[in-house]
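[1] turn this into a structure:
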Amino acid sequence: MIKYQLIINPFAEIDFYDAIKWYNLQKENLGSEFIQETENTIFQIKNNPFQFPIIKSKIRRAVVSRFPYSIFFYVDKNIINVFAIFHTHRNPVIWKERFKTE
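    Model prediction:
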């Protein structure tokens, strides 16, 4: 079994923390629930990134359970690069532009 290194770029980190803040404003502990579901999805990605479909070029998408978020990433050898943790209703041009700068 290949051991993958997971890298989360700064844009994806900002996406993540912004979502936590927003969910915490909506309901107490909802941000914590979002953290848990996102971490579960990242765990799945790290264990087997190829279970998630390619949606464009070499970009894969993992859907976060219970929340309208997807994690966009690509695999380069044994490195998983997460470049967006993105709300599904945001303009996809934003994450596509990020991929161009990777």
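[2] any stretches of this protein with poor pLDDT?
    100-102 (pLDDT under 70).
[3] show me where it has helices.
    In order along the chain, the chain carries the following helices (DSSP state H): 10-26, 30-47, 93-101.
[4] redo these as a markdown table? Include mean neighbour count and distance to Arg66.
    In this view, the C-beta of every residue, glycine as well, is placed from N, C-alpha and C. Compiled in a markdown table, these are given as follows (neighbours: other C-beta atoms under 10 Å; distance: least, C-beta to C-beta, whole Å):
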| stretch | mean neighbour count | distance to Arg66 |
| --- | --- | --- |
| helix 10-26 | 15 | 11 |
| helix 30-47 | 16 | 5 |
| helix 93-101 | 13 | 21 |
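[5] I'd like these written out as a markdown table, with distance to Asn78 added.
    Listed next are the helices of the chain as a markdown table, based on distance: least, C-beta to C-beta, whole Å:
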| stretch | distance to Asn78 |
| --- | --- |
| helix 10-26 | 19 |
| helix 30-47 | 11 |
| helix 93-101 | 20 |
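[6] out of these, which comes closest to Phe73?
    The closest of these to Phe73 is helix 30-47. By C-beta to C-beta, the value is 6.3 Å.
[7] packing partners of that closest one?
    If you count contacts as 3 or more C-beta pairs under 8 Å, 6 or more residues apart in numbering; DSSP states H and E, helix 30-47 packs onto strand 5-8, helix 10-26, strand 59-63, strand 69-76, strand 79-87.
[8] which stretch among the ones you listed comes nearest Ile35?
    Of all these, it is helix 10-26 that lies closest to Ile35, at 6.2 Å by C-beta to C-beta.
[9] for that closest one, output the C-alpha coordinates as CSV.
    Provided in CSV are the C-alpha atoms of helix 10-26 (Å, rounded to 0.1, in the frame of the first residue of the first chain):
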residue,chain,number,x,y,z
PRO,A,10,-3.3,28.1,1.8
PHE,A,11,-6.4,28.8,-0.4
ALA,A,12,-8.0,25.5,0.7
GLU,A,13,-7.1,26.3,4.4
ILE,A,14,-8.9,29.7,4.0
ASP,A,15,-11.9,28.0,2.5
PHE,A,16,-12.0,25.6,5.4
TYR,A,17,-11.7,28.2,8.2
ASP,A,18,-14.2,30.5,6.5
ALA,A,19,-16.8,27.7,6.4
ILE,A,20,-16.2,26.8,10.0
LYS,A,21,-16.8,30.5,11.0
TRP,A,22,-19.9,30.7,8.9
TYR,A,23,-21.4,27.4,10.3
ASN,A,24,-20.6,28.4,13.9
LEU,A,25,-22.7,31.6,13.3
GLN,A,26,-25.6,29.5,12.1
